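1. Give me a 3D structure for the following:
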Amino acid sequence: MSSDPNVVSQLMPNPLGNYQVLPSGSAYCGGIVPDEGFEVVRVQLDPWLPLEQGYDFIENYMKQIGRPIQAFCGIEMRVPAPLSFGDWSSFNLPYFDRLRKWGLMFGDYSGVCRSNIALVLHAPREASVCAFSYVFPASSKGPSFLLSGQADIDAQGRIIADGDISPAAMQKRTIFTVDTVGRTLSKLGFGWKDVTEVAIFHAHEIPDLWEETLLGVVGVPVRNGVLQYRARPPIAGGEVELEARAIRHEMLLSTF
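-> Below you'll find the model as predicted:
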């Protein structure tokens, strides 16, 4: 975790889960940083599980590894298609109930990172969990943190370049996500150099994606490759989402 007192003052403690939370909203936090001596572990599920089954799987798994459910810190969802703002609100209600049950709502703020993606190719028939993350005693050195996915939608719910998928608009949407993720990293006390994995989701061409004004800003992590998905953010009208994380322990887990 960053030792910068200006950073620490922005974060909410989750002592049972051994991490600090950058608050953002009720559906997801901005990011999390493990306490000293802990790290983020990411688990990909094979096959994916429908949401309710996924929640139960996560709860049982955390018990099996001897960690409290409050150490759960990130969830990655896949949905059949983007949702309207109204449907998005309804979609979130069961998730809020589960977070409250788990003690991972801090007032009106979620303590869990989240990404929620609408795949264009091979989308699931129903909303599903494809991966989750938790905090565990560290077995490796180096920065470890997790951010929520950042869509091309601002804090007031306004879609960047709404209704426009021209080359210039796609660039504008991407610049917004890159800049916003960069600011979130700074609030957590880190920078792009600390990121181990970057993922971008888009269905339309983004011209000059690798140039300095777009993903080129990321710098060194790009040499490790960037995960690209033909997909969209979960809210209709969004076209670009970006993820960044620092993970040193990742696994593929069978759900059979």
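2. Against Ser90, how distant is the spatially most central residue of the chain?
-> The chain has Ser148 as the residue nearest its centroid, 2.7 Å off, counting by Cα atoms, centre = their mean. Per Cβ to Cβ, to the nearest Å, Ser148 is found 20 Å from Ser90. To be clear about C-beta, it is placed using only N, CA and C from the backbone, and glycine gets the same treatment.
3. And for Ile65?
-> 33 Å.
4. repeat for Arg67
-> For Arg67 relative to Ser90 (Cβ to Cβ), the value is 31 Å.
5. same thing with His202?
-> From His202 to Ser90 the distance is 26 Å (Cβ to Cβ).
6. Show me which of the two is the more surrounded one.
-> His202 (25 against 10; other Cβ atoms under 10 Å).
7. For that one, give me the pLDDT.
-> On the pLDDT scale, His202 is placed at 98.
8. cool, the one 4 residues further on as well?
-> Reported pLDDT at Ile206 in the predicted model: 97.
9. Neighbours of it, how many?
-> By other Cβ under 10 Å, neighbour count at Ile206 equals 20.
10. how about it, what does it touch?
-> Ile206 sits next to 167, 170-171, 174, 214, 240 when contact means Cβ atoms under 8 Å, 6 or more residues apart in numbering.
11. Could you do Leu146 as well?
-> Leu146 neighbours (Cβ under 8 Å, 6+ apart): 31-32, 40, 42, 73-74, 113, 133, 245-247.
12. quick one: average pLDDT of the helix or strand hosting it?
-> Taking DSSP states H and E as the criterion, Leu146 maps to strand 145-147. Taken as a whole, strand 145-147 carries a mean pLDDT of 98.
13. For the residue nearest to Ala123 when sequence neighbours are not counted, grab phi and psi.
-> Nearest non-adjacent residue to Ala123, counting by Cβ to Cβ, 6 or more residues apart in numbering: Pro80, 5.0 Å away. The phi/psi pair for Pro80 (degrees, to the nearest 10) reads phi -60, psi -30.
14. was I right about Gln10 contacting Thr184?
-> No - here Gln10 does not reach Thr184: they are 10.8 Å apart, not a contact under Cβ atoms under 8 Å.
15. Next one: Glu39 from Thr196, what distance?
-> Taking Cβ to Cβ, one finds Glu39 at 11 Å from Thr196.
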